[in-house]
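Trainee: Need coordinates for the below:
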Amino acid sequence: MSKSLKSERIVISAPLSFAGSYQRIWKITEADNVALRWAVLIPIALCLIFTTWMIVAVWYFIMYILFGILFIPFRLWRRGSRKNKRDKLRHREVLEAIENKTDNI
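Mentor: Numbers count the residues shown, from 1 in each chain. Predicted coordinates:
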């Protein structure tokens, strides 16, 4: 497997969303051993995703049905902070790449 950059591993989606919980849990399946991956890691990840999605469904019911529209600004604010974290990592990686290039000259 090719090694991914830190900024590529940042998950923008909220942890308590279906997409965000899936993306975070699916990271455990990144293994070089194919047999281990298919026999152990993927079934565990699928069980965790199913369980987490049940919790997320309850979370959505509580937050959007019971609390309604008041929760949306909080979700947008948290998403913005995750995007800023990813952008800072990307900026640092670009600066390191430039620095490494100038060192090699």
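Trainee: Just the buried positions in the helix ranked longest in the chain, please.
Mentor: Criterion DSSP state H: the longest helix present in the chain is helix 72-104. Using 16 or more other C-beta atoms under 10 Å as the test for burial, helix 72-104 gives R82, R86, L89. Every C-beta, even on glycine, is put in place using the N, C-alpha and C of the backbone.
Trainee: so the second one touches S7, yeah?
Mentor: Yes - under the criterion of C-beta atoms under 8 Å, R86 lies in contact with S7, with a separation of 5.5 Å.
Trainee: any weak-confidence spans in the protein?
Mentor: 1-2, 105 (pLDDT under 70).
Trainee: Please report how far Q23 lies from R82.
Mentor: 12 Å (C-beta to C-beta, to the nearest Å).
Trainee: which neighbours do those two share?
Mentor: Residues touching both Q23 and R82 (C-beta atoms under 8 Å, 6 or more residues apart in numbering) are V11.
Trainee: Domain parsing of this structure, as residue ranges.
Mentor: Structurally, the chain divides into domains by automatic domain parsing as follows: 13-66, 70-105.
Trainee: Let's have those domains in JSON lines, adding distance to K3.
Mentor: Below are the domains of the chain laid out as JSON lines (distance: least, C-beta to C-beta, whole Å):
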{"stretch": "domain 13-66", "distance to K3": "11"}
{"stretch": "domain 70-105", "distance to K3": "13"}
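Trainee: Whichever strand or helix holds W26: what's the following helix or strand?
Mentor: Element membership for W26 (DSSP states H and E) is helix 18-26. Downstream of helix 18-26, the next assigned helix or strand under DSSP H and E is helix 34-36.
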